[in-house]
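Q: Structure for the following, please:
(chains A and B)
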Amino acid sequence: ETGVTQSPTHLIKTRGQQVTLRCSSQSGHNTVSWYQQALGQGPQFIFQYYREEENGRGNFPPRFSGLQFPNYSSELNVNALELDDSALYLCASSSWQGYGYTFGSGTRLTVV
Amino acid sequence: QKEVEQNSGPLSVPEGAIASLNCTYSDRGSQSFFWYRQYSGKSPELIMFIYSNGDKEDGRFTAQLNKASQYVSLLIRDSQPSDSATYLCAAETSFLGNKLVFGAGTILRVKS
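A: I've put the predicted structure just below:
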């Protein structure tokens, strides 16, 4: 059984640029959620994808967007990067019923 | 706003003692609750989940849930220095998509 993999592990971008983060879900999981974790805080829900459709969104602006592919892998895109977007971005996969959100190792994004 | 509250700590306990971590939640619709351990710079690692009132034990860990009081706790028996980490409490909610709402985490320090 493969776990959740995220790429890249670290990334440095300049304010105003765009970034794409990638996530491969755990085998057997069809739901992918993205979270943002700022330093010293708990993860904050960005959005969730199920069957290639967005299935819920947290309090994040439209410049945060995503995709889910037929193999259940997913991308998170952030446009017009701001300094406050610097955080650990976590992908979690689960079955539709929940019970076991498996997190990937995360992508550390630094915006300078 | 659905919230999960935790004491940020740090909670310091001597090696071999019992560490008690607490969490309250505001969404009465939440049915499942999760405890994650997060080492500095790493992604959250699931320790336990609980969805029935009462206690659930797994090795040195015991999760307790009281839905009437909207209270979740995690007890760690025979605490070890390797247990030193941030412990995140999360409630699963179906508000705006199935997702986890996290507390800010409690820092646990186990002193040898």
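Q: quick one: the strands in chain A?
A: Ranges of strands within chain A are A:5-7, A:10-13, A:19-24, A:31-37, A:44-50, A:53-57, A:64-68, A:74-78, A:87-95, A:98-103, A:107-111, based on DSSP state E.
Q: Next, format these as a markdown table and append mean neighbour count.
A: C-beta coordinates here come from the backbone N, C-alpha and C atoms, glycine included. Putting the strands of chain A into a markdown table (neighbours: other C-beta atoms under 10 Å in any protein chain shown) gives the following:
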| stretch | mean neighbour count |
| --- | --- |
| strand A:5-7 | 16 |
| strand A:10-13 | 13 |
| strand A:19-24 | 20 |
| strand A:31-37 | 25 |
| strand A:44-50 | 22 |
| strand A:53-57 | 15 |
| strand A:64-68 | 19 |
| strand A:74-78 | 21 |
| strand A:87-95 | 24 |
| strand A:98-103 | 19 |
| strand A:107-111 | 18 |
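Q: of the ones you listed, which approaches chain B most closely?
A: strand A:53-57 (1.3 Å; C-beta to the nearest C-beta).
Q: Now do the contacts for the residue nearest to A:Y49 when sequence neighbours are not counted.
A: Once flanking residues are discounted, A:Y49 sits nearest to A:Q68: 3.6 Å by C-beta to C-beta, 6 or more residues apart in numbering or on different chains. Counting by C-beta atoms under 8 Å, 6 or more residues apart in numbering or on different chains, A:Q68 touches A:V32, A:Y49, A:Y50, A:R51, A:E52, A:E53, A:S74.
Q: Swap in 7 Å and give it another go.
A: A:V32, A:Y49, A:E52, A:S74 (C-beta atoms under 7 Å, 6 or more residues apart in numbering or on different chains).
Q: Look up how far A:Q18 lies from it.
A: 19 Å (C-beta to C-beta, to the nearest Å).
Q: what does chain B put close to chain A?
A: Within chain B, the residues that sit near chain A (C-beta under 7 Å from any C-beta of the partner chain) are B:32, B:43-44, B:49, B:88, B:92, B:96-100, B:102-105.
Q: Switch the strands of chain A over to TSV; also include mean pLDDT and distance to B:S69.
A: Formatted as TSV, the strands of chain A follow (pLDDT from 0 to 100; distance: least, C-beta to C-beta, whole Å):
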stretch	mean pLDDT	distance to B:S69
strand A:5-7	96	37
strand A:10-13	97	42
strand A:19-24	97	36
strand A:31-37	95	27
strand A:44-50	94	25
strand A:53-57	91	28
strand A:64-68	97	35
strand A:74-78	98	37
strand A:87-95	92	27
strand A:98-103	76	23
strand A:107-111	98	37
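Q: re the thing from before, so which of the residues of chain B next to chain A is the closest to chain A?
A: Looking across the residues of chain B next to chain A and measuring by C-beta to the nearest C-beta, the closest to chain A is B:G97, at 1.3 Å.
Q: Poorly predicted segments of chain B, please.
A: Along chain B, segments meeting pLDDT under 70 span B:1-2, B:96-97.
Q: so where do the helices sit in it?
A: Using DSSP state H, no helices are found in chain B.
Q: longest strand anywhere in it?
A: Scanning chain B for the strand with the most residues, using DSSP E, yields strand B:85-93.
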